[in-house]
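J.: here is the input, now give the coordinates:
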Amino acid sequence: MNSEDEIRPGQVREITAVSNPVIKHMRALSMKKVRDETGHFLAEGLKLITDALDGDWPVHILAFSKNAAGNAHLQSVAARARARGAMIIEASEKVLSAVTRRDNPQMAVGVFSQKWLKREAIKAQDIQLWIALDRVRDPGNLGTIIRTADAVGASGVILVGESTDPFSLEAVRATMGSLFHMPLTRMSAEEFLDWRRGWPGMVVGTHLEGAVDYRSVDYAPGPVLLLMGNEQQGLPDSLAAACDHLCLIPMAGQADSLNLAVSTGIMAFEIRRAALAMPQPEAGA
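T.: Prediction:
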């Protein structure tokens, strides 16, 4: 990228060529290697961009459709992004389609910096839920789980081992904006097991050979760490051994397993139900 085409804070440009170096940079963010090297990722659509700005995520580029230039909401969002130093691009539909790899792209797409929580910053408190995912492979599953974690009021999501990237465009879309409200951290399996030794509450996992019905566990009081296994293999023995309870979700039909995002949601809302059912201390007690 030469000096004429570099990303300049607060700059407003019109770009119609897919070959433009700024657009090439945005397109390259479809590759995990480039996301890892730059720390950047794409968020598509006004809702996701607004959620990111509301969450004070660093913004670098906002590209929007020239055909939507008269949209008042879009102009307000663009003004907020420009005030934070983002380059603002009026783009052709062809350019937006190339960036998002969709035939019918939404009217805007932004480039933001990733955020990762350091594991030392995870604080366990009473009636708190963290969700740990071992080697989750599917970006749709991961995005849905992040959205579910947000809905259930979880405190954060831990990615264990070689997981799919939560900042891929597919995963970001599936979060429906919850990515910008949900703390994320990542650890190797060894780091996780070492960190788990200091976890002050219960650790619960699901397992096809689990001996306990998930509804029979006393989840409260105290913090709960929910550990969910890989879509194909489930929890490996080393992580299963780190659980205080291995639970089974009974099924009435012929299916032999549940989708990872579905089973995570069932477990998370059961833990939340148990926490809400606890007697609350009286005011001033």
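J.: how about the contacts made by the residue sitting nearest the centre point of the chain?
T.: Taking C-alpha atoms, centre = their mean, the centroid of the chain lies closest to L179, which sits 4.0 Å from it. Applying C-beta atoms under 8 Å, 6 or more residues apart in numbering, we find L179 in contact with 48, 51, 143, 146, 166-167, 171-172. Any C-beta I mention is one placed from the backbone N, CA and C, and that applies to glycine too.
J.: rerun that using 7 Å as the cut-off
T.: 146, 166, 172 (C-beta atoms under 7 Å, 6 or more residues apart in numbering).
J.: try G229
T.: By C-beta under 7 Å, 6+ apart, the neighbours of G229 are 134, 235.
J.: quick check: it vs Q254, distance?
T.: Counting by C-beta to C-beta, to the nearest Å, the gap from G229 to Q254 is 22 Å.
J.: could you do H207 as well?
T.: 20 Å.
J.: more neighbours, the two?
T.: When neighbours are counted by other C-beta atoms under 10 Å, H207 comes out ahead of the other of H207 and Q254, with 18 against 5.
J.: what bridges to the closest residue to that one other than its chain neighbours?
T.: Distances taken as C-beta to C-beta, 6 or more residues apart in numbering place L246 nearest to H207, at 4.3 Å, with adjacent residues excluded. Judged by DSSP bridges, the bridge partners of L246 are G205.
J.: dump the residue contacts of L246.
T.: 205, 207, 210-212, 240.
J.: give me the below-cutoff pLDDT ranges for the stretch 151-285 of the chain.
T.: 210, 278-285 (pLDDT under 70).
J.: tell me where it has helices.
T.: 169-175, 189-196, 237-240, 260-276 (DSSP state H, counting those that start in this stretch).
J.: of those, which stretch is the most buried?
T.: helix 169-175 (a mean of 22; mean count of other C-beta atoms under 10 Å).
J.: export that one as CSV, just CAs?
T.: This file holds the C-alpha atoms of helix 169-175, laid out as CSV (Å, rounded to 0.1, in the frame of the first residue of the first chain):
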residue,chain,number,x,y,z
LEU,A,169,-16.9,-12.8,9.0
GLU,A,170,-19.2,-15.9,9.4
ALA,A,171,-18.8,-16.1,13.1
VAL,A,172,-19.2,-12.3,13.6
ARG,A,173,-22.4,-12.4,11.6
ALA,A,174,-23.7,-15.3,13.7
THR,A,175,-23.2,-13.4,16.9
